[in-house]
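Chemist: One predicted model, sequence on top.
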Amino acid sequence: MTRSSHTIEPKGRAHGQSPLLGGATFELSHRLARVLWSSCWFAFARWTPPQLQPLRRLVLCAFGADIHPTATVRSSVKIWWPGNLKMGAHASLGPGAICYNVAAVTIEDFAIVSQRAHLCTGTHDIDDPGFPLRARPISIGRSAWVAAEAFVGPGVKIGEGAVLGARGVTFRSLDEWVVYGGNHAKPLRSRQKIS
Amino acid sequence: MTRSSHTIEPKGRAHGQSPLLGGATFELSHRLARVLWSSCWFAFARWTPPQLQPLRRLVLCAFGADIHPTATVRSSVKIWWPGNLKMGAHASLGPGAICYNVAAVTIEDFAIVSQRAHLCTGTHDIDDPGFPLRARPISIGRSAWVAAEAFVGPGVKIGEGAVLGARGVTFRSLDEWVVYGGNHAKPLRSRQKIS
Amino acid sequence: MTRSSHTIEPKGRAHGQSPLLGGATFELSHRLARVLWSSCWFAFARWTPPQLQPLRRLVLCAFGADIHPTATVRSSVKIWWPGNLKMGAHASLGPGAICYNVAAVTIEDFAIVSQRAHLCTGTHDIDDPGFPLRARPISIGRSAWVAAEAFVGPGVKIGEGAVLGARGVTFRSLDEWVVYGGNHAKPLRSRQKIS
């Protein structure tokens, strides 16, 4: 299966009611696909110990994810839709991490997303009376670290080697090899570049 | 059942030990009522898909909640006591939201509380040696948005149309049609008023 | 059993691969001990109501914890390794609190850690290409309060009577009888000393 065939996009406003009125944001076929995805993860992956990463990768790839054989995704990770996820060599998603990938999420080689961190690609247009969903991709650069319980907002690009400290919250892109912390996150110091 | 008959208040210090010494904060009858409430939610609502909102509303209203027929409460929401909850037309509590309503929580028409946000009405008097619970009501104004994983402290009034951004944390009331973010939350910009 | 016999330390880099390459951070015997610990907590404590604190204390002490008979640990608390935990008289760990005690965590008399707060002793050396785990102890002083969903970083000493407000995040030690809030936490006011 190719990734593009699995990509899910919000339907246009012509297709349904505003989410404000309880209208569904996605087409019925997409919603059914996600129910199937959740069920398969629950059945074949949710209970697996860390060592069974190859099985979890199989389930993810069956739903269109592009996961390098050396990447790791813990069983307690919540992924909205695998077709929107791409992970490089030795990239990792830690226990309890939330990958709310309504738009694409890319985690490059050696990048680490720690326990209970949240990659959130979705928001709402607060100036549109219909409050429509807006989704923008997130990318986590090579060797970057999104530490425990941090939050990465829609459209953020985290540069190579950048660090977002524990509980850090960012809605802006982060520069390469710089360490950030706080909510909203600010630069704290530079990081020694790994050659 | 009327809402007032279900309202739970902390018992006075004369009634028991300080919470510092492990004393219970609420009367035994209240605690039993909450065990019953939790059990009923677990049995009749916790497993329900989004479409079964009418059933969840029935359970909530049986315990004294005042929920408009068009409001939505997801099955994974944690509500401390339904008798302290009032929700207007099209108001919503998203997946995993925490409504710690030791005091009243009011969510007005079209107001949205997103996934895993926390409405926290309780705190402790840190200058009283007995560390007693202090509870103050929270109100979320019409068309306001408390975004994902935000935190609203005791006594806060969120003005009509105000936005508390994702992971924002506030212990102060928010002005109408202003967007706030950060911890502690600060005003970021104004929001276009929906006519 | 003495506490020291249960203390777990990360193995040296000579013993295994970098965590970046998926190498385990702890010796196999330690990992098996923690599987046993998790299983026992699940079997004998996870389902217990608040009143069964003596049973939970028994389980914790069997794995090397040093818990005063009047201290309380709720059933939903997540403790990484009991041998690294010490709690004084009337100290408490609230519902859903996370005690990630890769290094020692000490909670002194009358200190309170509220619901879903996170005591995080572990981090990684971001300037070492091997990204090794670094663990530093946390201590919570007498009568201090770590409020709901706050975060305490590695090596932090929270002074006697200090308060870290709800959702507050600190990587620095906190002075005695001072109230802090925000991410990163800043001093807000002093607290009246309890005589």
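Modeler: Cool, the structure landed. Residues are numbered from 1 along each chain as shown, chains lettered A, B, ... in the order given.
Chemist: near chain B at all, stretch A:92-99?
Modeler: No - judged by C-beta under 8 Å from any C-beta of the partner chain, stretch A:92-99 and chain B are separated, with a smallest distance of 8.8 Å. C-beta: built from backbone N, CA, C; applies to glycine.
Chemist: Tell me who's in contact with the residue positioned nearest the centre of chain A.
Modeler: In chain A, the residue lying closest to the centroid (C-alpha atoms, centre = their mean) is A:C99, at 3.2 Å. By C-beta atoms under 8 Å, 6 or more residues apart in numbering or on different chains, A:C99 lies in contact with A:V77, A:K78, A:I79, A:W80, A:L85, A:L93, A:V105, A:V113, A:L119.
Chemist: Just give me the neighbour total for the nearest residue to the fifth one once chain neighbours are set aside.
Modeler: In space, A:L85 comes closest to A:A65 once its chain neighbours are excluded; the distance is 4.7 Å by C-beta to C-beta, 6 or more residues apart in numbering or on different chains. Summarising burial for A:A65: neighbours were counted as other C-beta atoms under 10 Å in any protein chain shown, giving 24.
Chemist: how far away is A:A65 from chain C?
Modeler: 18 Å (C-beta to the nearest C-beta, to the nearest Å).
Chemist: can you check A:Q53 too?
Modeler: Computed as C-beta to the nearest C-beta, the A:Q53 to chain C distance reads 8 Å.
Chemist: Kindly indicate whether that residue is helix, strand or coil.
Modeler: Three-state call for A:Q53 (DSSP: H, G, I helix; E, B strand; the rest coil): helix.
Chemist: tell me, how many neighbours does it end up with?
Modeler: Per other C-beta under 10 Å, the neighbour tally for A:Q53 reads 21.
Chemist: which residues does it contact?
Modeler: For A:Q53, the contact set (C-beta under 8 Å, 6+ apart) comprises A:T72, A:V73.
Chemist: now A:G141
Modeler: For A:G141, the contacting residues are A:E108, A:A111, A:K157, A:I158, A:G159, A:E160, A:G161, A:A162, A:E176, by C-beta under 8 Å, 6+ apart.
Chemist: which one among those gets closest to chain B?
Modeler: Closest approach to chain B among the contacts of A:G141 (C-beta to the nearest C-beta): A:I158, at 16.3 Å.
Chemist: show me the contacts for that closest one.
Modeler: Listed by C-beta under 8 Å, 6+ apart, the contact set of A:I158 reads A:A111, A:I138, A:S139, A:I140, A:G141, A:A144, A:V146, A:V152, A:L164, A:S173, A:L174.
Chemist: Pipe the residues you listed into TSV and attach pLDDT and secondary structure per row.
Modeler: Listed next are the contacts of A:I158 as TSV, based on pLDDT from 0 to 100; DSSP: H, G, I helix; E, B strand; the rest coil:
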residue	pLDDT	secondary structure
A:A111	98	coil
A:I138	98	strand
A:S139	98	strand
A:I140	98	strand
A:G141	98	coil
A:A144	98	coil
A:V146	98	strand
A:V152	98	strand
A:L164	98	strand
A:S173	98	coil
A:L174	98	strand
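Chemist: Of those, which pair is most distant in space?
Modeler: A:A111 and A:S173 (14.5 Å; C-beta to C-beta).
Chemist: neighbour count winner among the two?
Modeler: A count of neighbours by other C-beta under 10 Å puts A:A111 above the other of A:A111 and A:S173, at 27 against 16.
Chemist: Go ahead and confirm that one touches A:S139.
Modeler: No - with contact defined as C-beta atoms under 8 Å, A:A111 does not count as touching A:S139 (9.2 Å).
Chemist: State the distance from the residue nearest to the centre of chain A to A:M87.
Modeler: Distance, A:C99 to A:M87, using C-beta to C-beta, to the nearest Å: 10 Å.
Chemist: shared neighbours of those two, which are they?
Modeler: Residues touching both A:C99 and A:M87 by C-beta under 8 Å, 6+ apart: A:L93.
Chemist: I'd say A:P19 and A:F131 touch.
Modeler: Yes - A:P19 lies in contact with A:F131 (C-beta under 8 Å); the separation is 5.8 Å.
Chemist: hey, what's in contact with both of these two?
Modeler: Here A:P19 and A:F131 have A:H124 as joint contacts, going by C-beta under 8 Å, 6+ apart.
Chemist: circling back to that earlier point, could you find the closest non-adjacent residue to the residue nearest to the centre of chain A?
Modeler: Nearest residue to A:C99, sequence neighbours excluded (C-beta to C-beta, 6+ apart): A:I79, at 4.6 Å.
Chemist: biggest helix in chain A by residues?
Modeler: helix A:28-44 (DSSP state H).
Chemist: Which positions in that one come out as buried?
Modeler: Buried residues in helix A:28-44, counting neighbours by 16 or more other C-beta atoms under 10 Å in any protein chain shown, are found at A:H30, A:A33, A:R34, A:W37, A:C40, A:W41.
Chemist: Name the nearest of those relative to B:L58.
Modeler: Using C-beta to C-beta, the buried residues of helix A:28-44 come closest to B:L58 at A:R34, 27.1 Å.
Chemist: how close does A:V113 get to chain B?
Modeler: A:V113 is 16 Å from chain B, by C-beta to the nearest C-beta.
Chemist: Kindly report the same for A:T25.
Modeler: From A:T25 across to chain B, the span is 12 Å (C-beta to the nearest C-beta).
Chemist: pLDDT score for that residue?
Modeler: pLDDT recorded at A:T25 is 79.
Chemist: can you count the residues close to it?
Modeler: Residues lying near A:T25 (other C-beta under 10 Å) number 19.
Chemist: Surely it touches A:P19?
Modeler: Yes - in this structure, A:T25 is within contact of A:P19 by C-beta under 8 Å, at 5.6 Å.
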